[in-house]
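Student: here's a sequence, model it:
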Amino acid sequence: MVNRQSILPVALRFGFFCGTAHAVLIVAILSSGSSLYHPATIFAFVITFIFILRCVRSIRENEGEGFISFKHAMVSGAFMCFFAFLLLGLVEYILGATLFPNMLEMSKNEMLRNIEAAEIIMSESQIERYYDNIEKLTLAGLTMNDAASKFFWGLLLSLILALSLRRKRPIQP
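Tutor: All right, here's what the predicted structure looks like:
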């Protein structure tokens, strides 16, 4: 039977592995001279999907004897994402402060290029606001925004996988 005490250790373990895989991806992207907004970061969603899938299946098969409710599947995926992206945020901040001190500038330049491409559809006041926000952006803000956005996408993936992986126990007469 699945309970909260059995979910946390498994979610922590898979969260650690997922966060580590994301950190390796970030190091590879930054080592190539790209920013955090490189198109290769789409692999982050694939990594998250795989680890949520493995986490929920592991809990279902090992703790739930082949059965898991939607609630437990969703909670396990959410906890796994929380642990993974907490670790990722810390690793990104440490990398930006030590090994890749130009990470913030590269990301700001990428954001400026994206705004310049979108100037056609944006009003002048919106563009000014975006420029001001980019100038105020710090390394902590950048890493927090990146980890938070990946966390929310992970919650969406958790919802989808919890709906597809749930299995109720058959009612026994």
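
Student: tell me the contacts of the residue positioned nearest the centre of the chain?
Tutor: Among the residues of the chain, the one closest to the centroid is residue 150, at 2.9 Å (CA atoms, centre = their mean). Taking CB atoms under 8 Å, 6 or more residues apart in numbering, we find residue 150 in contact with 22, 44, 48, 81, 85, 88. All C-beta atoms are positioned from the backbone trio N, CA, C, and that covers glycine.

Student: neighbour count and distance to residue 69 added to those, as a markdown table?
Tutor: Formatted as a markdown table, the contacts of residue 150 follow (neighbours: other CB atoms under 10 Å; distance: CB to CB, whole Å):
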| residue | neighbour count | distance to residue 69 |
| --- | --- | --- |
| 22 | 25 | 28 |
| 44 | 22 | 28 |
| 48 | 25 | 22 |
| 81 | 28 | 19 |
| 85 | 26 | 24 |
| 88 | 25 | 28 |
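
Student: just these now: which is nearest residue 116?
Tutor: Checking those against residue 116 with CB to CB, the nearest one is residue 44 at 25.1 Å.
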